[in-house]
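> Here is my input, please return the structure:
(one chain, ligands or ions: 1)
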Amino acid sequence: MKITFCGAAGTVTGSCHLVEAGGVRVLLDCGLFQGRREEEDYNRDPFPFDPARIDSLLLSHAHLDHVGLVPRLVREGFAGDIVCTPPTAEIAKLMLADSAHLQVEEAAYRARKARRRGEEAKEPLYDMGDVLMASSAFRKLVSYKEEVELKDGLSAVFHDAGHILGSANIELRCEGKTVVYSGDIGNRDQPIVCEPSVPPRADAVLIESTYGDRKHRPAEESEAELKEAIETVIGRGGNLLIPSFALERTQEILYELFLLWQRKELPECRIFLDSPLAIATTRVFARYLDYFDKEGREAFSHAPNPFSFPPLRYTQTTDESRRINAIPEGNVIIAGSGMCTGGRIIHHLRHNLWREEAGVIFVGYQAGGTLGRRIVDGADHVRIFGEDVAVRAQVWTVNGFSSHADQPILIDWLRAAAPKEAFLVHGEEHSLNGLARAAESQLSLKTHIAVRGESVNL
Ligand code: ZN
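Prediction:
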């Protein structure tokens, strides 16, 4: 068996690994490179394989850094089956449609700028037509723990990774060997999703290392901070903004707000979910209650529930969204994008950031260079739509809501898989090195940090 690391090797984004065994070729994920400009350029590099000769594409979960290049793969000739869980298939199609929309918008903007410089502009990576083509390739939907035959004696089993709805560790069985690809491993005690599965024993693993050098703070601290932010801001007559990722974090925040409301700890307020993508994703969640953990299924077994309780309103259209700004106080507004790089949150920031009584609470990671990061870092003025806006609103940053395993969880996962060989992927240099050191000192396991483009034989 031969594995080639095509992406998320030495970086966090662009997950893609090629497995070749006995004449069969399968891809594990086909993700978008995101973040730094030079990494985004990788999205246009030729694939280091012929897409037409790939038999199956196995997807661990629906985050764009794991599925975001699927439309390009299909356009360039991939004609095999996409294999994943049903929630991953449904959510991935939504994420890809949104991504195509952003790609096309961004390309048009760049084209205008390029024309003024007298230069040629790059085409969008893909458009909605490519996404529709790709959507029809989601043909092989699998349940957790079910063994699916791929081709010529190669089979796969998906195990619940507890990261986001439908996420999986993928076990490959071939030639009497077992290889497990972790995908992204979830955190413990996350709302809605189940605990990460104990992985099967494996000859080799490919394990993510996002927080390989870190231990998370307890989630209770973050829940208390969320409560404090709402009480403070609503109590003094302001609006509280929650920039949030549409997938998983938004549904978890709704869950936390519901618990506060149920315990009668939520002050009188209106909660707006102001993001069409988050609304669509939440609808998919509501159809897959059997993928929720026990508490999650209980919370949803009767009305009201976390997706439908009196203070919560869904604002689908731009008109509905605009009308929120006519109400100057008493609103908790959840909107994307999670790092304030676009989306409706920008309008809400423009309307509220300069108000002393308002507040912003960041519930997810803010990458360098984003508007979210500038606010978190304490900027006193920011540029929004070419206008200078003072930052007078109170800012909270909570770090305990994570859907990623920290070092102790990753080490437990490695201990259970007990591999002879472990390849570390999906991490920045410091996290990869941190996990490598911990595996060596705690498990006496020598690991190998994968390099992009490298192949290994098992
Ligand atoms: Zn993920």
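> Give me the residue at the spatial middle of this structure.
Centre of the chain computed as the mean C-alpha position; nearest residue by CA atoms, centre = their mean is residue 63, 4.0 Å away.
> For the helix or strand harbouring residue 206, output the C-alpha coordinates as CSV.
Taking DSSP states H and E as the definition, one finds residue 206 inside strand 204-208. What follows is strand 204-208, C-alpha atoms only, in CSV (Å, rounded to 0.1, in the frame of the first residue of the first chain):
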residue,chain,number,x,y,z
ALA,A,204,-0.7,2.8,10.4
VAL,A,205,-2.6,6.0,11.1
LEU,A,206,-2.8,9.4,9.6
ILE,A,207,-3.7,11.7,12.5
GLU,A,208,-4.7,15.4,12.6
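> Contacts made by the next helix or strand after that strand with the rest, please.
Next along the chain after strand 204-208, taking DSSP H and E as the criterion, comes helix 219-235. With CB atoms under 8 Å, 6 or more residues apart in numbering as the test, helix 219-235 has contacts from 189-190, 239-240, 253, 256-257, 260, 265-269, 329-330, 332, 357-359, 361, 363, 394, 396, 398-401. For the C-beta atoms, the positions are set from N, CA and C on the backbone; glycine is no exception.
> What subset of those is buried?
By neighbour count, with 16 or more other CB atoms under 10 Å, these hold 190, 239-240, 253, 256-257, 260, 266-267, 269, 330, 332, 357-359, 361, 363, 394, 396, 398, 400-401 as buried.
> Cross those against helices and list the overlap.
253, 256, 257, 260 (DSSP state H).
> OK, contacts around residue 349?
241, 340, 360, 371, 375, 382, 384, 389.
> Tell me the spacing between it and residue 314.
Distance from residue 349 to residue 314, counting by CB to CB, to the nearest Å: 21 Å.
> what does residue 247 give?
Counting by CB to CB, the gap from residue 247 to residue 314 is 16 Å.
> Could you do residue 274 as well?
Relative to residue 314, and taking CB to CB, residue 274 is found at 8 Å.
> One more: residue 249?
Taken as CB to CB, the span from residue 249 to residue 314 is 17 Å.
> And for residue 137?
31 Å.
> ditto for residue 334
Separation of residue 334 from residue 314 (CB to CB): 10 Å.
> more neighbours, the two?
Higher neighbour count among residue 334 and residue 314: residue 334, with 26 against 17, using other CB atoms under 10 Å.
> Show me this protein divided up by domain.
Per automatic domain parsing, the structural domains of the chain span 2-214+403-457, 219-397.
> I'd like those domains laid out as CSV, including mean pLDDT.
Shown next, in CSV, are the domains of the chain (pLDDT from 0 to 100):
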stretch, mean pLDDT
domain 2-214+403-457, 95
domain 219-397, 95
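> can I get these in JSON lines with distance to the ion?
Output for the domains of the chain, formatted as JSON lines (distance: least, CB to the ion, whole Å):
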{"stretch": "domain 2-214+403-457", "distance to the ion": "4"}
{"stretch": "domain 219-397", "distance to the ion": "8"}
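> all helices of the stretch 51-200 of the chain, in order?
64-67, 70-75, 86-116, 128-135 (DSSP state H, counting those that start in this stretch).
> Just send these back as CSV, with mean neighbour count too.
Converted to CSV, those look like this (neighbours: other CB atoms under 10 Å):
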stretch, mean neighbour count
helix 64-67, 26
helix 70-75, 24
helix 86-116, 18
helix 128-135, 18
